[in-house]
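> Here is a sequence with its predicted model. Questions after.
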Amino acid sequence: MKKMIKNNYIEDLIKADKLRHTVNKKIKFGFNVGEKFLGKDKILIAGPCSVESKEMIKNISIKLKKIGVDALRGGAYKPCTYPVRKSVKGWKEGLQKKGLEYLANAKLASKLPIVTEVMDASKIELVSEYADIFQIGTRNFQNYSLLDALGKQSKPVLLKRGTWGTLDEILGACERIVEGGNTKIAICLRGVVGMPSYRHIYPSTRWAPDLMMIPALKQFTNIPIVYDPSHATGNRDFVLPISKAAMSLNVDGLIVECHENPEKSISDPDQAINIKTMKELQKLFV
Ligand code: PEP
Ligand code: MN
C-alpha cells in the first residue's frame, strides 16, 4: 500500500534498527488455520468469551462449524478486571485446566482449531497441549517475558493490542516475538481507551473501535490483522456493523464472541451475539 502520510517517527525507528523484521515486507507472516492461511485467506474465529462447561463449548463448536467458522475461540484462563471471589459452577476466572480439556473435546467434535488465551509464560507448555493458536490478551500486550517466550516456541500467536497501544508499540511488541524466530503471528485490534465513539449514545460502551489502525498498520507491515468487533464495541448491537467496516478495510480476519444464550454469558454478556446474528456475520466471508 502507498504511504498515505509521512510518518517520520516510525521511519526514524526503522533507520535506528529498532524495527527490523516487522517492517520487512519480504518476510511471510501469518499461519495456518485448518486448511486456510491467515494472511492469505479471510479467517473467521468465533466462540464464547469463556468456556463455561463441557456441553456448552461442544454444542456451540458444532453449530459454529456448520455456519462456516474457521476456528473456535474460548477462554479457559480469564483475566478479570476485579478479583472473582466466588466460583460459578467451577468457573473462577475461567475453568482453567478443565476449560482446556473441554476445548479439546469440542475440537474433537467440531474439528475446529482452538484459539485460547495464555496469560503467563509459565503456562505456555500446558496451554500449548490444547491450543492451536495462542491468544495474548490486551493486558499482556507488553508483557515482555511472555512475548519473548512466545518468540522462542513455534505455535502461532494472535497478539491483542493493548487498549493504549500506539502504532510503534504494536510493531515493537510484534518485533519481540519475531526476534525470537516465530513469524507465525497476527495482530488483533480490539478497541482502545479514549472517548469511545459511541459514548454519547451509549454511556456504557467500554472502548472505542480502532478502525483507522488497520490502514495505518498496513503501511508498514505485512503482519496479518484480525479485528475483534466484540471487545471493540462492548455492545452486541454494534458487532455486525463494525465487522462490516473492518472487512471493508481489508482485515485478514475477525474474532467474534458468540453465545447460544448471550445474556447468560458468564463473562462479557453485553457483547456476545447469538447464533442467528453469527450466520448473518458469516455472510461477510462468502
Ligand atoms: C477476550 O478475548 O475474551 C479478552 C479477554 O480480550 P481482551 O484481552 O482483548 O480484553
Ligand atoms: Mn471477552
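Nice, I can see it. Ligands and ions are numbered 1, 2, ... in the order given.
> what about whatever residue of the stretch 51-200 of the chain ends up closest to ligand 1, how many neighbours?
Minimum separation of the stretch 51-200 of the chain from ligand 1 (C-beta to the nearest ligand atom) falls at residue 137, amounting to 3.1 Å. Glycine gets a C-beta too; all of them are placed from N, C-alpha and C. Per other C-beta atoms under 10 Å, the neighbour tally for residue 137 reads 22.
> In contact with it, which residues are there?
79, 117, 119, 160 (C-beta atoms under 8 Å, 6 or more residues apart in numbering).
> One more: residue 216?
So residue 216 contacts residue 167 (C-beta under 8 Å, 6+ apart).
> Packing partners of the host helix or strand of residue 12?
Here residue 12 sits within helix 8-15, counting by DSSP states H and E. Applying 3 or more C-beta pairs under 8 Å, 6 or more residues apart in numbering; DSSP states H and E, we find helix 8-15 packed against helix 167-179.
> What lies in contact with the helix it packs on?
Contacts for helix 167-179 (C-beta under 8 Å, 6+ apart): 7, 9-10, 13, 18-23, 27, 29, 141-142, 144, 147-148, 150-151, 157, 159, 161-162, 165, 185, 187, 213, 216-217, 220-221, 223.
> Which members of these are classed as buried?
7, 10, 13, 19, 21-23, 29, 141, 147, 150-151, 157, 159, 161-162, 165, 185, 187, 213, 216-217, 220-221, 223 (16 or more other C-beta atoms under 10 Å).
> Mind checking which of these land in helices?
Counted as lying in helices by DSSP state H, out of those, are 10, 13, 147, 150-151, 213, 216-217.
> The contacts of residue 137, buried ones only, as a PyMOL selection?
Buried subset of the contacts of residue 137, written as a PyMOL selection, criterion 16+ other C-beta under 10 Å:
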select buried, resi 117+119+160
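> will you turn the contacts of residue 137 into JSON lines that also has distance to residue 273?
Output for the contacts of residue 137, formatted as JSON lines (distance: C-beta to C-beta, whole Å):
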{"residue": "79", "distance to residue 273": "22"}
{"residue": "117", "distance to residue 273": "20"}
{"residue": "119", "distance to residue 273": "25"}
{"residue": "160", "distance to residue 273": "19"}
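> Tell me where the stretch 51-200 of the chain has helices.
54-67, 97-110, 124-128, 144-151, 167-179 (DSSP state H, counting those that start in this stretch).
> and residue 48, which of the ones you listed is closest to it?
helix 54-67 (6.4 Å; C-beta to C-beta).
> Going by neighbour count, list what's buried in the closest one.
Here helix 54-67 shows 54, 56-58, 60-61, 63-65, 67 as buried, counting by 16+ other C-beta under 10 Å.
> Residue 270 is in contact with residue 238, isn't it?
No - judged on C-beta atoms under 8 Å, residue 270 makes no contact with residue 238 at a distance of 10.5 Å.
> Neighbour count for those two, which is higher?
residue 238 (21 against 18).
> residues in contact with that one?
198, 205, 209, 229.
> Can you lay out the helices of the stretch 51-200 of the chain as JSON lines showing mean pLDDT and distance to ligand 2?
What follows is these, written out as JSON lines (pLDDT from 0 to 100; distance: least, C-beta to the ion, whole Å):
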{"stretch": "helix 54-67", "mean pLDDT": "98", "distance to ligand 2": "14"}
{"stretch": "helix 97-110", "mean pLDDT": "98", "distance to ligand 2": "14"}
{"stretch": "helix 124-128", "mean pLDDT": "98", "distance to ligand 2": "17"}
{"stretch": "helix 144-151", "mean pLDDT": "98", "distance to ligand 2": "19"}
{"stretch": "helix 167-179", "mean pLDDT": "98", "distance to ligand 2": "20"}
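> Since that was my last question, I'll sign off now.
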